[in-house]
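In: 3D model of this:
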Amino acid sequence: MSFFKPKTEAVAPRKAPWAEKYRPRSLGDVASQEMVVETLKKTLQSANLPHMLFYGPPGTGKTSTILALAKDLFGPELSKSRVLELNASDERGINVVREKIKNFARTVVTTPPASAAQNYPCPPFKIIILDEADSMTQDAQAALRRTMETYSKVTRFCLVCNYVTRIIDPLASRCSKFRFKPLDETNALERLQYICQQEEIAANDEVLSRLLIVAGGDLRKAITLLQSASGLAMGSPITVGMVDELAGRVPDAVIDSLVNSISKGIYKDIQQTVDDICLEGFPAAGIVTQLHDKILTDPGYNDNAKSVVSAALSEADKRLNDGADEQIEILNVAYHMVNVLKV
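Out: Residues are numbered from 1 along each chain as shown. Model prediction:
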């Protein structure tokens, strides 16, 4: 089973971003989230929708699912007036809750057109979608709680987030929670294969698997990278090298050379290797991530070595996010790893 079932899919114009072009158009198109879809289909039958909280990793279909649900409830035309979608990471302050959200929530629901009423449930309420709700400030979330209670007769809220722990408890307790699980490689791979067929792209399974690896399980990111790679290939087969280049992935040979220098334990050689890597312009964050994946999945290193490496890499990641010098941090990580990786 693929992540999206293509049989009822409405294809957008060719120039549209593929992540939007192949977005599911109804709940029936969404797969790989069986429990969520089954529950939402039951709510369609009763047209009695609760406030909802969708959470899970990025690229797993959270926003696509609520948009598909809205279209199944109201139809493509009525949903334009009945649904308000906001990205809470951009509009996250308390003033947005007091003005934009509250004004839409209090609006009276009009009678649906006869054509929509005949084909869709068209329940007597509106839907407000707050994408990336975990970026909202604490004050904004507290203000939203009261708005949800006051206008619950005519408005339903759907909060979409990656980290459910960042939603305050009083707000989360007012919502039915739906967890979106990470996509398994089989479903995601089938979806990429389907897109390649539709767009007439030459890409083997090795390339598609690398797309999923560099995307970190985010199918939306993988589809976007696939579109970029197809433009770079210009009709030729897409290669793994193209994918790595577009994703900014550090070549495996570079990571191997750094680990080999560390294993020898010669500080002058380590510094020279780090200098060469930094001169090539490879991102320090990518080096940290790929060192983590290489060391921790290698059975040749014992648990003590892996724990020391993990601690050094986590500290480096935090410092890099705080704006530390990339070359100094990579050197620092390398010197910490010498004691446990030296042959």
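In: for V309, see how far away the residue nearest the centre of the chain is.
Out: Nearest to the mean C-alpha position of the chain, by C-alpha atoms, centre = their mean, lies P58 at 1.8 Å. Computed as C-beta to C-beta, to the nearest Å, the P58 to V309 distance reads 26 Å. C-beta here means a position set from N, CA and C on the backbone, and glycine is covered the same way.
In: am I right that the residue nearest to the centre of the chain falls within a helix?
Out: No. Looking at P58 with DSSP: H, G, I helix; E, B strand; the rest coil, it is coil, so not inside a helix.
In: which residues sit in contact with it?
Out: Residues counted as contacts of P58 (C-beta atoms under 8 Å, 6 or more residues apart in numbering) are N162, D218, R220, K221.
In: poorly predicted segments of the stretch 151-300 of the chain, please.
Out: Scanning the stretch 151-300 of the chain for pLDDT under 70 picks out no residues.
In: sorry, back to before: can you select the buried ones from the contacts of P58 in PyMOL?
Out: If you want just the buried ones from the contacts of P58 in PyMOL, going by 16 or more other C-beta atoms under 10 Å, the selection is:
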select buried, resi 162+218+220+221
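In: can I get the contacts of P58 in TSV with distance to K42 and secondary structure?
Out: Listed next are those as TSV, based on distance: C-beta to C-beta, whole Å; DSSP: H, G, I helix; E, B strand; the rest coil:
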residue	distance to K42	secondary structure
N162	26	coil
D218	29	coil
R220	27	helix
K221	31	helix
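In: include distance to E77 when you put the contacts of P58 into CSV, please.
Out: Shown next, in CSV, are the contacts of P58 (distance: C-beta to C-beta, whole Å):
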residue, distance to E77
N162, 31
D218, 31
R220, 26
K221, 31
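In: with respect to Q141, which of the contacts of P58 is nearest?
Out: Ranked by distance to Q141 (C-beta to C-beta), the contacts of P58 are led by N162 at 15.4 Å.
In: what sits up against stretch 221-231?
Out: With C-beta under 8 Å, 6+ apart as the test, stretch 221-231 has contacts from 17-19, 22, 58-59, 188, 191-192, 195-196, 199, 201, 203, 207-208, 211-212, 214-215, 238, 242-243, 246-247.
In: nearest to D298 among the contacts of P58?
Out: D218 (25.0 Å).
In: mean confidence (pLDDT) on the longest helix anywhere in the chain, please.
Out: If you go by DSSP state H, the chain has its longest helix at helix 62-82. Throughout helix 62-82, pLDDT has a mean value of 91.
In: okay, now the sheet partners of the helix or strand just after that helix, with direction.
Out: Using DSSP states H and E, the helix or strand that follows helix 62-82 in sequence is strand 83-87. Strand pairing for strand 83-87, determined by DSSP bridges: strand 126-131 (parallel).
In: just the mean pLDDT for the partner strand, thanks.
Out: 93.
In: check which element follows it along the chain.
Out: Sequence-wise, the next helix or strand beyond strand 126-131 is helix 138-150, with elements assigned using DSSP H and E.
In: how about that following helix: buried residues?
Out: With burial defined by 16+ other C-beta under 10 Å, the residues of helix 138-150 counted as buried are A140, Q141, A143, L144, R145, T147, M148.
In: can you map out the strands along the stretch 101-250 of the chain?
Out: For the stretch 101-250 of the chain, the strands defined by DSSP state E, counting those that start in this stretch occupy 126-131, 155-161, 176-179.
In: okay, V164 and A172: tell me how far apart.
Out: For V164, the distance to A172 - C-beta to C-beta - is 7 Å.
In: thinking R191 is in contact with A215, fair?
Out: No. When contacts are counted by C-beta atoms under 8 Å, R191 is not listed as touching A215 (11.9 Å).
In: which one is E329 nearest to, not counting chain neighbours?
Out: A316 (4.8 Å; C-beta to C-beta, 6 or more residues apart in numbering).
In: hang on, the one you found packs against A334?
Out: No. Using C-beta under 8 Å, A316 is not in contact with A334; the gap is 10.0 Å.
In: thinking again about what came up before, what comes into contact with the longest helix of the chain?
Out: By C-beta under 8 Å, 6+ apart, the residues outside helix 62-82 that reach it are 23-27, 29-30, 33, 36-37, 40, 44, 47, 49, 52, 54-56, 83, 85, 109-110, 112-113, 116, 119-123, 126-127, 129, 131, 158, 160, 180.
In: can you flag the buried ones in the residues you listed?
Out: 23-27, 29-30, 33, 36-37, 40, 44, 49, 52, 54-56, 83, 112, 116, 120-123, 126-127, 129, 131, 158, 160, 180.
In: for the stretch 151-300 of the chain, what spans make up the helices?
Out: 169-172, 185-199, 205-214, 219-233, 240-247, 252-264, 267-279, 284-296 (DSSP state H, counting those that start in this stretch).
In: mind putting these into a markdown table with distance to V154?
Out: Below are those laid out as a markdown table (distance: least, C-beta to C-beta, whole Å):
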| stretch | distance to V154 |
| --- | --- |
| helix 169-172 | 19 |
| helix 185-199 | 37 |
| helix 205-214 | 42 |
| helix 219-233 | 32 |
| helix 240-247 | 45 |
| helix 252-264 | 56 |
| helix 267-279 | 58 |
| helix 284-296 | 46 |
